[in-house]
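>>> this one's structure only:
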């Protein structure tokens, strides 16, 4: 049938165009099906795995819920509800768990844990007993059958394992990466047809130009900026898309994971150190133009500065995004916590207005944090590659500082 | 801080690093490189086009200036030529006049000289005639043997009558 279709397509120019549209829709459908097949399967499983109660309607449970949301999770849950039998149903789809245990690499779907997050369900996989406690996978000791806790709710007979799971955050990153490849790939291909981009490229091109002309060029300098464009653009759009995804009801909190921001900042750190020229290192270890005593005092400060710069990057992004999520979720929760004082309508209205207001600000923050991360990264790179002209050192540096101040 | 460290998941860190490295590679290869190159190319193209337009404008200006200069030169040359021609004409006329007058003068001079010559010739002829006459009269007088004064006088008178002085 396909050969026939192809023959027909090749011989009929009108049909060929129609087929192209059809092919795109087929592609889209395939992706759609692939993504949502496990979803339906999992929803079916939900009935079996439901636990009683668990409605989030008290300040303590709300606090727990927010904390749970801010942490990474091993399955992708969209929403939960209590069915007619009083059982808790979770709608979403499971994600693969990949862990490195004492007996090697183990993989299974997160549905094995049946949404349990306090270590009560123990999964046995190839001779290792695994339990999930607060979004972390623990491996139980050989002889233990269930997790026992001390009074601080720390597991006493289990230890954490290296968890390479496709968690919700990893899924979010893959999704963001996929979007980027799709969008910018099409923009790149668009240039083959003509110098002016069409379609979605029209929106993306100004953003690329913005990063290049407003972030990279002024901070790194005309001579060196091209080398770092790949990193800066990738990081900018990666953070921005993930920040924006975090605002959707899908509930990603990728840039609010400290591991993610540490990784991003570490990349900046490595790039800065590896692109640093002679002058950069000289300014760190033997500051020119100051007395010897000052040189000795300044060296450790500058060395510390090497590390504080990326550290500020990672903390800023992490704190901003976590705080944003926390505030939005708290304001939504006002609906429940203020129900007694304002009544159902009053508290819902208040929560809606406040949450909407903060969400609008968060949209700005989503961009701002991506911008600041990229901006500061390029600033640090700019400092590392800057060429000092020592013959007129003071004049040149004075002007340089002025330029930066204006920007 | 302890909370932060507890939240830090080495596995997620590893996955993020892996994803970022792969994404960087893919994006640079399939997106950023072609995009940046196309943008640079396009900007250079625009810059070149602008430069060319500017050059063309300048050339045009130069050409116009050249044209004007040429026109001015041509006009000046024409004026100069006309002036020269006029001068030549005047000179020719003046020369012609001068030549004509000098020729006329010469002719008059010649005529005068000829007249004088003729006069001289006539006078000398006359003198010759007179002398011849005188001689012939003297001959005749001598030949007749003039006897008396009265005869001599008659003779002279007769002679003189013969000579017609015209």
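Arrived safely. The structure presented is a predicted model; accordingly, all values stated were derived computationally and were not measured.
>>> Now the element after the lengthiest helix in chain B, going C-ward?
Longest helix in chain B by number of residues (criterion: DSSP state H): helix B:33-144. For helix B:33-144, the succeeding helix or strand toward the C-terminus, using DSSP states H and E, is helix B:149-162.
>>> tell me the mean pLDDT for that next one?
Mean pLDDT, computed over helix B:149-162, is 78.
>>> Quick check: residue A:358 is in a helix.
Yes. Residue state for residue A:358 (DSSP: H, G, I helix; E, B strand; the rest coil) corresponds to a helix.
>>> ok, back up a step: distance between the longest helix of chain B and the chain's centre?
Distance of helix B:33-144 from its chain centroid, counting by C-alpha atoms, centre = their mean, to the nearest Å, is 9 Å.
>>> And the pLDDT at the residue nearest to residue A:226 when sequence neighbours are not counted?
Nearest non-adjacent residue to residue A:226, counting by C-beta to C-beta, 6 or more residues apart in numbering or on different chains: residue B:36, 7.0 Å away. Any C-beta I mention is one placed from the backbone N, CA and C, and that applies to glycine too. Listed pLDDT for residue B:36 reads 91.
>>> now what about stretch A:155-165, what contacts it?
For stretch A:155-165, the external contacting residues (C-beta atoms under 8 Å, 6 or more residues apart in numbering or on different chains) are A:74, A:95-101, A:110, A:119, A:130-131, A:133, A:136-141, A:144, A:147-150, B:9-12, B:14-15.
>>> any idea how far residue A:127 is from the residue of the stretch 301-407 of chain A found nearest chain B?
Chain B sits closest to residue A:318 of the stretch 301-407 of chain A, with a gap of 8.4 Å, by C-beta to the nearest C-beta. As judged by C-beta to C-beta, to the nearest Å, residue A:318 and residue A:127 stand 37 Å apart.
>>> Tell me which of those two has more neighbours.
Using other C-beta atoms under 10 Å in any protein chain shown, the more surrounded residue of residue A:318 and residue A:127 is residue A:318, with 23 against 11.
>>> Helix or strand: which one has the more buried one?
helix A:292-337.
>>> before we move on, back to that, tell me the helices and strands packed up against the longest helix of chain B.
Applying 3 or more C-beta pairs under 8 Å, 6 or more residues apart in numbering or on different chains; DSSP states H and E, one finds that helix B:33-144 contacts helix A:168-193, helix A:201-210, helix A:225-247, helix B:149-162.
>>> May I see the buried residues of the second one?
Within helix A:201-210, the residues that qualify as buried are A:201, A:204, A:205, A:207, A:208, counting by 16 or more other C-beta atoms under 10 Å in any protein chain shown.
>>> just checking, what packs against the helix or strand harbouring residue A:343?
Per DSSP H and E: residue A:343 is located in helix A:339-385. Judged by 3+ C-beta pairs under 8 Å, 6+ apart, the packing partners of helix A:339-385 are helix A:217-220, helix A:225-247, helix A:258-275, helix A:278-285, helix A:292-337.
>>> what residue ranges in chain A score low on pLDDT?
Low-confidence segments of chain A, defined by pLDDT under 70, are located at A:1-55, A:389-407.
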